[in-house]
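J.: got a sequence here, can you build the structure:
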Amino acid sequence: MSSTTSAKTIFFVMFLLNMVSQTIFDNGPQYTSGEFHQFFSHNGIRHTRTAPYHPATNGLTERFVQTFNKAISVGRRDGRTSKHKLATFFLHYRTTPHLLTGHPRSVLFNDPSSKTDLALLKPDIIRVQDGQEVQKSAYDHHTQENFEINDSLMVRIHWDNHQYWEPRIITETISQVSFVVKLEDDTSHHCHMDQLCKMFSSSGDSSNDTPDQ
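T.: I've put the predicted structure just below:
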């Protein structure tokens, strides 16, 4: 889908149903255009992009795909048609109260108080985001490394259908799992923490040993 077609489709859906508070897209050119940036900025929409070559960054989408596939696979054993299984799944999915918000998705999606310029004065996305951060911190407490600005580390680079590791330095922290590193040609590169690895030698000092592929 072209950049113009993608923008018109998404804008139409939001105007028809309701404005969202945040969107998460990959780095496709149709989602990084100036038209997208201007629309999201004007309507107070937080536009988040996933790290290149790392679709798992969009954890909410990945989790929904898992939930959907599991529900459909279970439904195959009872002889129902695909349309029936799909309708049943979305009925339960949209009417089940969400853990963080306490409201069914159908209520949140069809909120009668449509988001306008005035509604931007009272954003409520912060409470949900804080709850997500608490859950994530509890889950990742013993599994994640801590990266900070000016840390020297190895970065997995993708180029021409190949990948290799290069020593780089973190210049910006976007979130707990997303960072910006400075490349050899002085350009910036958006990375997920799974694409980063600290450099240590056997004595504990930094080294340029390449991590396992």
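J.: and residue 39, what does it touch?
T.: With contacts defined as Cβ atoms under 8 Å, 6 or more residues apart in numbering, the neighbours of residue 39 are 7, 11, 45. Any C-beta I mention is one placed from the backbone N, CA and C, and that applies to glycine too.
J.: now do the SS call for the first one.
T.: Under the three-state scheme (DSSP: H, G, I helix; E, B strand; the rest coil), the conformation of residue 7 reads as helix.
J.: kindly reformat the contacts of residue 39 as CSV containing distance to residue 188 and neighbour count.
T.: As requested, the contacts of residue 39 are exported to CSV (distance: Cβ to Cβ, whole Å; neighbours: other Cβ atoms under 10 Å):
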residue, distance to residue 188, neighbour count
7, 25, 18
11, 29, 14
45, 23, 19
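J.: will you turn the residues you listed into JSON lines that also has distance to residue 160 and pLDDT?
T.: Formatted as JSON lines, the contacts of residue 39 follow (distance: Cβ to Cβ, whole Å; pLDDT from 0 to 100):
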{"residue": "7", "distance to residue 160": "30", "pLDDT": "76"}
{"residue": "11", "distance to residue 160": "35", "pLDDT": "79"}
{"residue": "45", "distance to residue 160": "35", "pLDDT": "83"}
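J.: now that we have those residues, can you turn them into TSV and tack on distance to residue 182?
T.: Converted to TSV, these look like this (distance: Cβ to Cβ, whole Å):
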residue	distance to residue 182
7	31
11	35
45	29
